[in-house]
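Peer 1: Need the 3D shape of this:
(one chain, ligands or ions: 1)
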Amino acid sequence: MNEQENKSFVSGSESFSDAENKRRDALDRQYEKALLMWNHDKFKSEVKQSQLMHNFMKDYEGELAASANKKMLDLGCGIGNDVITLRKQGYEATGIDISHSALKLAEKRAAEEGVGGYFVQAAYSNLPYESNTFKVCYSVGGLGGNNLEYLKTSVKEVERVLENNGIFLFNANMVVNEKTLEDQQQGIIRYLEAPLVDKLIEGTSFKVEKFAQSEAEVAGHLLKRSKVVLRKL
Ligand SMILES: C[S@@+](CC[C@H](N)C(=O)[O-])C[C@H]1O[C@@H](n2cnc3c(N)ncnc32)[C@H](O)[C@@H]1O
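Peer 2: Numbers count the residues shown, from 1 in each chain. Got it, this is the predicted structure:
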């Protein structure tokens, strides 16, 4: 395991590409705006496990309990909800995110919850971990906003850091509106349907173990959701 794992978040920015630096700056600005709001008591957010991880932990309870490897990696951990919850449940969860501002808040919240900091600034394309480290890698809403080539590189990285028979779980939810449709036309992935998942795992040893998608109308907009479980064979 890389020595970064048990440290407070560290800057890995020197290894970011120009595109990643731009993305980090944009995401930092978004988080800084949100942070300003969270400074008001009214906006203080509770630590809450995502529905995706909650359901996954139930569905895979037996396998996870039987595994000696309790290491999990959260790709795009944001402000740390799932890492903090998993730590409390006894799992060795670590979160990476490209945004320094998100990680600052994640660390603060983890300290308040008494689980310490397990957060590292890194991008999906270059994971600062040794091969075959994790039992589970997951990304809750973290893959959208990147293009296909970037995600393919990232999936290869996840394949590398997962142990054999390890699991990669992720979802992609897209509110269909002008902005997201325009993004999609420009090659920025917002939603992952089955053929796209197949493209993502081409040339890897991943097999699709579960795939589910649904559509709903929310506040007058179509919300498309998909969730995927991959198994490294
Ligand atoms: C929609 S947020 C989800 C955050 C968190 N998983 C949650 O459920 O609250 C997506 C996160 O992915 C991070 N992210 C996006 N692209 C990234 C990349 N290429 N490398 C690392 N983190 C990235 C963003 O900074 C953001 O925190």
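
Peer 1: Phi, psi for Asn164 please.
Peer 2: With angles defined as degrees, to the nearest 10, Asn164 sits at phi -60, psi 140.

Peer 1: got it, and Val176?
Peer 2: Phi and psi for Val176, reported as degrees, to the nearest 10, are phi -80, psi 110.

Peer 1: Quick one: end-to-end distance for stretch 123-133.
Peer 2: For stretch 123-133, the first-to-last residue distance is 17 Å (C-alpha to C-alpha, to the nearest Å).

Peer 1: In it, which residues are buried?
Peer 2: Applying a neighbour-count criterion of 16 or more other C-beta atoms under 10 Å, one finds Ala123, Tyr124, Ser125, Leu127, Pro128, Tyr129, Thr133 buried in stretch 123-133. For glycine as for every other residue, the C-beta is placed from the backbone atoms N, C-alpha and C.

Peer 1: What about the ligand: which of those residues touch it?
Peer 2: Contacts with the ligand within those, counted by C-beta under 6 Å from any ligand atom: Ala123, Tyr124.

Peer 1: Make TSV from the buried residues of stretch 123-133 and add distance to Lys108, pLDDT and secondary structure to it.
Peer 2: Formatted as TSV, the buried residues of stretch 123-133 follow (distance: C-beta to C-beta, whole Å; pLDDT from 0 to 100; DSSP: H, G, I helix; E, B strand; the rest coil):
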residue	distance to Lys108	pLDDT	secondary structure
Ala123	22	96	coil
Tyr124	24	97	coil
Ser125	27	96	coil
Leu127	24	96	coil
Pro128	22	95	coil
Tyr129	24	96	coil
Thr133	26	98	coil
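
Peer 1: Looking at the buried residues of stretch 123-133, which is nearest Ala66?
Peer 2: Among the buried residues of stretch 123-133, Thr133 lies closest to Ala66 (C-beta to C-beta), at 18.6 Å.

Peer 1: Could you double-check that the closest one lies in contact with Val161?
Peer 2: Yes. Between Thr133 and Val161 a contact is recorded at 5.1 Å, counting by C-beta atoms under 8 Å.

Peer 1: okay, and the common contacts of the two?
Peer 2: Common neighbours of Thr133 and Val161, counting by C-beta atoms under 8 Å, 6 or more residues apart in numbering, are Leu73.

Peer 1: Which positions in the protein make contact with the ligand?
Peer 2: 23, 27, 50, 76-78, 81, 97-99, 102, 123-124, 140-142, 145-146.

Peer 1: Make a PyMOL selection of the buried ones in these.
Peer 2: To isolate the buried ones among the residues of the chain next to the ligand in PyMOL, judged by 16+ other C-beta under 10 Å, type:
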select buried, resi 23+27+50+76+77+78+81+97+98+99+102+123+124+140+142+145+146
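
Peer 1: Which of the residues of the chain next to the ligand fall in helices?
Peer 2: Among the residues of the chain next to the ligand, the members found in helices (DSSP state H) are Arg23, Leu27, Asn81, Ala102.

Peer 1: In CSV, list these along with distance to Met72 and pLDDT.
Peer 2: Below are these laid out as CSV (distance: C-beta to C-beta, whole Å; pLDDT from 0 to 100):
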residue, distance to Met72, pLDDT
Arg23, 24, 92
Leu27, 22, 93
Asn81, 13, 96
Ala102, 18, 94
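
Peer 1: farthest-separated two in those residues?
Peer 2: Using C-beta to C-beta, those span at most 21.1 Å, a distance reached by Arg23 and Asn81.

Peer 1: check contacts around Arg109.
Peer 2: Going by C-beta under 8 Å, 6+ apart, Arg109 touches Val47, Ile79, Gly80, Ile84.
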